[in-house]
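Engineer: Dropping a prediction and its sequence here:
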Amino acid sequence: MTIIFFSLILLTLLSFLVLVFRRKSPKLTKLREEWRKGFRNGWEFEKFSAELFNSLGYKAIVTKGSHDFGADLIIKDKRNTFVLQAKYYTNSISPKAIEEALMAAAIYGVDKIGIITNGEIPQAVRDFAQEVRAKTFVTKVALIGKSEIERMLRGEKVL
């Protein structure tokens, strides 16, 4: 009797997981296609980034676009709020992106910041992020580049 009971529980759990996976899969498939095609401008990249975070269970909003004090995206989970600076560039980003996110953190009253970009994160930006975390009120700096976005598109959380 207990074997049948546990088998039913296991079958129910597996059915639930299949439903959850199916529900997310079409959204991630659509986002993977958008990523593959690319974006016309930074605004499209910001909207894509918010959709990607939302599809992974975060609550993400795109700020108004100008006069946003350095915050392009606000990302929340159960315990944390991040302000992210989005950079859709053909060239490498600079540490200035971290400075913009730092200013946004002070204005929005959060201690977690980050950048998201379609390219790779240069070492100078990584080094500056460590310095900001060590010397300011910021407790976490999320650096999300091309490889992290591709992991997210496979369903992985990075924050």
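Structural biologist: That came through fine. Numbering: from 1, shown residues only.

Engineer: Now do the contacts for Ser49.
Structural biologist: The contact partners of Ser49, by C-beta atoms under 8 Å, 6 or more residues apart in numbering, come to 60, 62, 73, 84, 86, 116, 149. Glycine gets a C-beta too; all of them are placed from N, C-alpha and C.

Engineer: so it, which of the three states?
Structural biologist: At Ser49 the chain is in helix, as set by DSSP: H, G, I helix; E, B strand; the rest coil.

Engineer: dump the residue contacts of the closest residue to it other than its chain neighbours.
Structural biologist: Closest residue to Ser49 apart from its sequence neighbours, by C-beta to C-beta, 6 or more residues apart in numbering: Ile116 at 5.3 Å. Applying C-beta under 8 Å, 6+ apart to Ile116 gives the contacts 49, 73, 84-87, 144-145, 149.

Engineer: what helix or strand is Ile116 on?
Structural biologist: Under the criterion of DSSP states H and E, Ile116 resides in strand 112-117.

Engineer: Please name the strands paired to that strand in the sheet, noting orientation.
Structural biologist: Strand pairing for strand 112-117, determined by DSSP bridges: strand 81-87 (parallel), strand 140-144 (parallel).

Engineer: Comparing those, which comes out most buried?
Structural biologist: Of the strands paired with strand 112-117, the one with the most neighbours on average (mean count of other C-beta atoms under 10 Å) is strand 81-87, at a mean of 25.

Engineer: Of all the strands paired with strand 112-117, which one is nearest Ser55?
Structural biologist: If you check each of the strands paired with strand 112-117 against Ser55 by C-beta to C-beta, strand 140-144 wins as the nearest, at 14.7 Å.

Engineer: Relative to the whole chain's centre, how far out is the closest one?
Structural biologist: From the chain centre to the centre of strand 140-144 is a distance of 9 Å (C-alpha atoms, centre = their mean, to the nearest Å).
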